[in-house]
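>>> Mind folding the following:
(one chain, ligands or ions: 1)
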Amino acid sequence: MKENTTSSLPARPVTESQSEMTELILPNDTNPLGHLLGGRLMQYIDLVAAMAAYRHARANVVTASMEHIDFIAPVHVGDLVILKASVNRAFKTSMDVGVKAWVENAIAGSRHHIASAYLTFVAIDANGRRVPVPPLIVEGGEESRRYEDAGFRRQRREQEKERKRQNRAAYRTAGEAAI
Ligand SMILES: CC(C)(COP(=O)(O)OP(=O)(O)OC[C@H]1O[C@@H](n2cnc3c(N)ncnc32)[C@H](O)[C@@H]1OP(=O)(O)O)[C@@H](O)C(=O)NCCC(=O)NCCS
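Here you go, the predicted structure:
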């Protein structure tokens, strides 16, 4: 069992905030070929992930980033899209949330994986100030793997942020030298 220890709030297990959503795809959700719009799927992903983060934080949350999304197969009018979200890791005020989506054809009785994504949510109070989130209790297996992966994603984001900061500083210096 593992949990982050930066917060004094009572820790909550992953299972307590896992969230699920089902959407029936209608013509208004699709392009002229009758395929679900990517943006609409991203909206569903954002919503189900926000539900998990909201349940874990027991506070309002905002989407800070949607990190990675793979659209693996098209979704058609009349299909059901099933989305499941889990908090992978809680940091200080932010949470890494993973979403997996499947398409189900009720007539054919088939279900297959169509998309996966990782998002970060930040908990805020009524005045928009960031607030600490409860630690997450991770109970081994898949939960531990997701917890570790969330740490790598955060590390990568921090490295990228630093790289951009250095680039900006270098451009500023080059610009000043040219004047
Ligand atoms: C997300 C937001 C609250 C971050 O505020 P900020 O003052 O820039 O915060 P900081 O840089 O100090 O980081 C605060 C936390 O957010 C995380 N964070 C900030 N930007 C992030 C990003 N792009 N991706 C992932 N995490 C991010 C930080 O890692 C930090 O986490 P921690 O407290 O758990 O260590 C702020 O940028 C915001 O309000 N954005 C708009 C959110 C919104 O409206 N979303 C809907 C989109 S339409």
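>>> What is the three-state secondary structure of residue 85?
Using DSSP: H, G, I helix; E, B strand; the rest coil, the three-state assignment for residue 85 comes out as strand.
>>> Which positions in the longest helix seen in the chain come out as buried?
Scanning the chain for the helix with the most residues, using DSSP state H, yields helix 141-178. For helix 141-178, the neighbour count (16 or more other Cβ atoms under 10 Å) marks 143, 146, 147, 150, 153, 154 as buried. Glycine gets a C-beta too; all of them are placed from N, C-alpha and C.
>>> what does stretch 103-121 give?
Those would be 103, 104, 114, 115, 117, 118, 119, 120, 121, for stretch 103-121 by 16+ other Cβ under 10 Å.
>>> Intersect those with the contacts of the ligand.
With Cβ under 6 Å from any ligand atom as the criterion, the buried residues of stretch 103-121 include residue 120 near the ligand.
>>> What about the buried residues of stretch 103-121, which are in helices?
Per DSSP H, those never map to helices.
>>> Which of the buried residues of stretch 103-121 sits closest to residue 46?
Using Cβ to Cβ, residue 119 is the member of the buried residues of stretch 103-121 that sits closest to residue 46, with 6.9 Å.
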